[in-house]
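1. Would you be able to build a 3D model of this:
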Amino acid sequence: MAVIGVTIRGVPYAQAKRRGDLRAPGQWTKAVVEQTRGLPTVAEACFVKVTFLLPANKFPTDFPYGPDLDNLLKRTLDALQTTIFRKARGRDSCVVALFAMKTKVDDPREAGAHLEVLPVTV
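-> Residues are numbered from 1 along each chain as shown. Now for the predicted structure:
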């Protein structure tokens with residue numbers, strides 16, 4: 001397996017929204033699928049490193065640390081099941097190690113996620 005590295009552009013979202021732009025989570029899923037569709041596939045165990053690049057409006061005063069990292073990961077990894085993880089038995093269960101973080105970006109046009117997938121020998 002080759003090392004995969006990509007920056008997915010768009011605003012990362014976690015779960016379904018109840019107010020605001022209700023289409024936004026689906027748009028993030030679509031962005032992940034479209035921007036990883038042509039990448040190599042993973043068929044074996046791998047290590048995933050992801051950095052979510054979030055615009056300032058994702059850090060409101062009542063949530064100064066931004067959206068839950070586990071929920072951002074869930075939506076993103078689920079979307080990858082149809083692209084780079086589609087040939088792996090158990091799809092995203094091939095991820096045996098994970099490093100994730102989130103950070104604020106000044107310009108909303110920089111929003112997205114930097115994704116790296118590396119092979120692991122088990």
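
2. in the chain, which helix or strand is least confident?
-> Each helix and strand of the chain was given a mean pLDDT (mean pLDDT, DSSP states H and E); the minimum falls on helix 24-36 at a mean of 92.

3. In that helix, which residues are buried?
-> For helix 24-36, the neighbour count (16 or more other C-beta atoms under 10 Å) marks 25, 28-29, 31-32, 35-36 as buried. All C-beta atoms are positioned from the backbone trio N, CA, C, and that covers glycine.

4. Would you mind identifying the next helix or strand past it?
-> Once the chain leaves helix 24-36, the next helix or strand it forms, by DSSP states H and E, is strand 46-55.

5. For that following strand, the averaged confidence score.
-> Mean per-residue pLDDT for strand 46-55: 97.

6. For the spatially closest residue to residue 36 that is not a sequence neighbour, list the residues it contacts.
-> Once flanking residues are discounted, residue 36 sits nearest to residue 83: 4.2 Å by C-beta to C-beta, 6 or more residues apart in numbering. Residues counted as contacts of residue 83 (C-beta atoms under 8 Å, 6 or more residues apart in numbering) are 32-33, 36-37, 39, 41.

7. Which strand residues bridge residue 100?
-> Note on residue 100: beta-bridge partners residue 50, judged by DSSP bridges.

8. Could you list every helix and strand in contact with the least confident helix or strand of the chain?
-> Packing partners of helix 24-36 (3 or more C-beta pairs under 8 Å, 6 or more residues apart in numbering; DSSP states H and E): strand 4-9, helix 69-80, strand 112-119.
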